[in-house]
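Chemist: sequence and predicted structure, then a few things I'm wondering about:
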Amino acid sequence: MKGYKVAIVGATGLVGQEFIKILEERSFPMLSICPLASDRSAGKKLFINHREVEVKETVSESFEGIDIALFSAGAETSRHFSPIAAQAGATVIDNSSAFRGHSDVPLIVPEVNPEDIKWHKGIIANPNCSTIQMVVALYPLHKVNLIKRIVVGTYQAVSGTGSAAIGELTTQAKQVLEGQSTIPHVYPHQIAFNVLPEIDVFLDNGYTKEEWKLVEETRKIMHADDIAISATCVRVPVFTGHSEAIHIEFSRPMSPDEARRILAQAPGVKLLDDPTISLYPQPWSAAGCDEVFVGRIRRDASHSNGLTMWVVSDNLRKGAALNAVQIAEEMTKRGWIHPGG
Ligand code: NAP
Ligand code: 12T
């Protein structure tokens, strides 16, 4: 059988589990799959394509003979092992923030900039979840009417932080309902029945790193260095599905109908926009889906060239694992990667 030897670093995590599910669902051509994690999970058994496979500790020798290495085990692990994997001949698709800003590492959303894959030197970066869904919705509009400025507020699910955060929301929700006090571990404050305007660390300019990723990653992916962007990223007590209120200023006016016509044809986008029947995207129903959902499209009453919309997607699928697998598929489809080298 022809196929690729795939390694998954962080296979026991929320994104790693999603990687495995998506590779199975899409029948990605795999000759073998090697689940890797830390020494804590070594020896654990996973079922992949109906076969039991043992999780191994990630070590420097893990990447010998591997064609594609999908990384999702945090930036520190990526910084250490990605160059080793690339040196061993694997094509690395890295889901962490470690390499996204590097000028010799392409940052890819297949619906937007697939051609950038061509200049990779062994490592390809998968963007931040909030960036991915925003550019999938905005790039088709930007192509017909250049975007000058974006103001975005995000409503981000706890699964973006990993499995410990799912546990924290579950525990705290029960404690609050039972009248007990809560003690935060993963987040700086209680997340159950609350919202926190803090995702990732604070920077000197007053923004958080998550907000700044939206700025820099969007410019890099859309090849639009001069788009002005301001973001506020907020954690909400939702398990899965990031939502975004996006305010866009174009070069010329764009009517809501024109935006709807463009987005109805756009790859990876599904319009859910009928206020008369309360139809709009919601994280609860987007969870488990592949699309970027767009609704609430309306004129921005504060600017003649402005539009406002509401964008929702599953942060573990399109926001992480699915986008990375689509990058790998793009490479196999275009003959940019071959099994065994
Ligand atoms: P998670 O549920 O906490 O899982 C973390 C995974 O990393 C586990 O498999 C863990 O293995 C593994 N790991 C931790 N330290 C390791 C080490 N030293 N060596 C090898 N493996 C190690 O987190 P998650 O939600 O899956 O997210 C993982 C990472 O993906 C994040 O830190 C982030 O960098 C990235 N991410 C990116 C996006 C995005 O926006 N595109 C979204 C979510 C996550 P054990 O079972 O052995 O502990
Ligand atoms: N802090 O990949 O906590 O840069 O939701 C993704 C998600 C960083 C990243 C989160 C984060 C990333 C989160």
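Modeler: Happy to help now that I have it. Ligands and ions are numbered 1, 2, ... in the order given.

Chemist: report the contact partners of the residue in the chain that ligand 1 sits nearest to.
Modeler: Among the residues of the chain, residue 13 lies closest to ligand 1, at 2.2 Å counting by CB to the nearest ligand atom. In short, each C-beta sits where N, CA and C put it, glycine included. Contact analysis of residue 13 by CB atoms under 8 Å, 6 or more residues apart in numbering lists 37, 72-73, 162-163.

Chemist: over to residue 193?
Modeler: Counting by CB under 8 Å, 6+ apart, residue 193 has contacts 173, 176, 237.

Chemist: how does it look with 10 Å?
Modeler: The neighbours of residue 193, taking CB atoms under 10 Å, 6 or more residues apart in numbering as the test, are 169, 172-173, 176-177, 182, 237.

Chemist: of these, grab the buried ones for PyMOL.
Modeler: To isolate the buried members of those in PyMOL, using 16 or more other CB atoms under 10 Å:
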select buried, resi 169+172+173+176+182+237
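
Chemist: ramachandran angles for whichever residue of the chain sits closest to ligand 2?
Modeler: Proximity of the chain to ligand 2 (CB to the nearest ligand atom) peaks at residue 160, 2.6 Å away. The phi/psi pair for residue 160 (degrees, to the nearest 10) reads phi -60, psi -30.

Chemist: circling back to that earlier point, out of the contacts of residue 193, which sit inside strands?
Modeler: Counting by DSSP state E, the contacts of residue 193 place none of their members in strands.

Chemist: out of the contacts of residue 193, who's nearest residue 95?
Modeler: Here the nearest of these to residue 95, counting by CB to CB, is residue 169; it sits at 21.7 Å.

Chemist: where along the stretch 1-150 of the chain do the helices fall?
Modeler: Ranges of helices within the stretch 1-150 of the chain are 14-25, 75-87, 129-144, based on DSSP state H, counting those that start in this stretch.

Chemist: got the buried residues for the shortest one?
Modeler: Buried residues in helix 14-25, defined by neighbour count with 16+ other CB under 10 Å: 14-23.

Chemist: also stretch 71-78?
Modeler: Neighbour counts over stretch 71-78 (16+ other CB under 10 Å) mark 71-75, 77-78 as buried.

Chemist: check stretch 51-63 too.
Modeler: Residues of stretch 51-63 classed as buried: 53, 55-56, 58, 62-63 (neighbour count, 16+ other CB under 10 Å).

Chemist: tabulate the residues you listed in a markdown table, adding columns for pLDDT and distance to ligand 1.
Modeler: Shown next, in a markdown table, are the buried residues of stretch 51-63 (pLDDT from 0 to 100; distance: CB to the nearest ligand atom, whole Å):
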| residue | pLDDT | distance to ligand 1 |
| --- | --- | --- |
| 53 | 97 | 14 |
| 55 | 98 | 8 |
| 56 | 98 | 10 |
| 58 | 98 | 4 |
| 62 | 98 | 9 |
| 63 | 98 | 13 |
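
Chemist: tabulate these (TSV), appending distance to residue 264.
Modeler: Below are those laid out as TSV (distance: CB to CB, whole Å):
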residue	distance to residue 264
53	41
55	43
56	46
58	43
62	44
63	43
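
Chemist: name the SS class of the residue of the chain positioned farthest from its centre, please.
Modeler: Most distant from the centre of the chain: residue 179, at 35.6 Å, with distances by CA atoms, centre = their mean. Going by DSSP: H, G, I helix; E, B strand; the rest coil, the secondary structure assigned to residue 179 is coil.

Chemist: the one 10 residues further on too?
Modeler: Applying three-state DSSP to residue 189 yields a three-state assignment of coil.

Chemist: need the contact list for residue 127.
Modeler: Contacts of residue 127 by CB under 10 Å, 6+ apart are 95, 97, 100, 107-109, 112, 133-135, 213-214, 217-218, 220-221, 319-320, 323-324.

Chemist: 6 Å instead?
Modeler: Residue 127 makes contacts with 107, 217, as judged by CB atoms under 6 Å, 6 or more residues apart in numbering.
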